[in-house]
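# Predicted model and sequence below, questions to follow.
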Amino acid sequence: MSRARRLAWAFLLPAGLALVVTGCAAPGVAQRRLERYRPQGTVRVPAAAAGVEGAAVPAQAAEASPDAGGGAPGKAAPRGIELQPGEGVRILLQGIPQPQTIEDFLDEAGEVTLPLIGPFRLAGMSETEAETAIEKAYVDGQIYARIDVVVMSSRGQFFVQGEVRNPGTFQLTSGLTLLQAIAGAGGYTDFARQSRVYIIRGRERLRFNPKRIIAGKDDDVPIKSSDLIMVPKRLF
């Protein structure tokens with residue numbers, strides 16, 4: 001063998017052995033080498049899930065995958081505060097030939113009276129649940145083919161009407177009393193019957209004498225949510 005050929009073999013033989021050793025390197029070494037070049041935030045998933053053998057997918061996608069066992073469970077939307085007996089409600093019936101607005105109080109059984117239906121229990125429902133139940137009652141009863149219902153509670157409010165200077169709707173505050181409510185509505189007009197005031201509370205009609213309260217003969221009356229205070233006109 002010539003000297004040039006011996007030199008060529010001396011160079012190629014070590015290089016070939018190095019390639020063989022590299023190809024037979026331990027799997028752990030190859031994996032660590034691959035990890036250096038894998039973008040951060042990716043994970044390996046089974047080929048069946050990825051569709052491509054050895055494919056990398058974003059970590060957040062793998063966490064949301066049912067197969068990966070990730071993803072936060074769905075959270076139910078809040079139900080809202082339940083309607084209670086004695087509570088005032090305003091019910092709008094819309095999307096029908098003759099839209100109606102109903103202002104009523106839930107009675108002791110938690111019911112209101114709906115047109116063409118009659119007594120209907122709402123106590124224990126949220127406003128949204130009440131809307132769905134009323135719509136279903138009208139449609140299932142074949143009263144209307146379609147109807148849109150809006151239910152609004154008067155929770156946290158009270159009303160003053162009659163012979164006061166500023167009648168209207170007011171926000172209920174803790175510890176509010178009858179005399180304070182009348183004062184907050186501007187006080188009596190010149191025509192008010194100050195010895196007789198009514199509080200309409202649900203189905204109840206309660207009568208009080210503010211003059212006796214002022215004189216200390218009767219206790220002042222706490223006002224509750226949805227109360228309607230009626231100040232009548234005095235008799236001449």
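That came in fine, so what should we check first?
# need the contact list for residue 198.
Contacts for residue 198 were tallied using CB atoms under 8 Å, 6 or more residues apart in numbering; they are 205, 206, 207, 208, 229, 230, 232. Using the backbone N, CA and C atoms, a C-beta is placed for each residue, glycine as well.
# at 10 Å instead, please
By CB atoms under 10 Å, 6 or more residues apart in numbering, the contact set of residue 198 is 161, 162, 204, 205, 206, 207, 208, 228, 229, 230, 231, 232.
# Give me the local confidence score for it.
Residue 198 is assigned 97 on the pLDDT scale.
# Flag every buried residue along stretch 224-236.
225, 226, 227, 228, 229, 230, 231 (16 or more other CB atoms under 10 Å).
# can you tell me which of these are in strands?
Within the buried residues of stretch 224-236, residues falling in strands by DSSP state E are 228, 229, 230, 231.
# hang on, the earlier thing: out of the contacts of residue 198, which comes closest to residue 120?
Checking those against residue 120 with CB to CB, the nearest one is residue 204 at 20.3 Å.
# Any idea what the closest one is bridged to?
residue 201 (DSSP bridges).
# Determine the number of other residues adjacent to it.
Applying other CB atoms under 10 Å, we find 12 residues neighbouring residue 204.
# Same question for the one 10 residues further on.
Neighbour count for residue 214, taken as other CB under 10 Å: 12.
# Using the record, which stretches count as separate domains in the chain?
Listed by automatic domain parsing, the domain ranges of the chain are 88-153, 157-231.
# show me where this structure has helices.
Here the chain has its helices, by DSSP state H, at 3-23, 27-37, 47-50, 59-64, 127-140, 178-184, 210-214.
# From what I see, residue 193 and residue 207 are in contact.
No. Using CB atoms under 10 Å, residue 193 is not in contact with residue 207, being 11.2 Å away.
# nearest to residue 118, of the buried residues of stretch 224-236?
Closest approach to residue 118 among the buried residues of stretch 224-236 (CB to CB): residue 226, at 22.0 Å.
# Can you tell me the closest non-neighbouring residue to the closest one?
Nearest residue to residue 226, sequence neighbours excluded (CB to CB, 6 or more residues apart in numbering): residue 88, at 3.4 Å.
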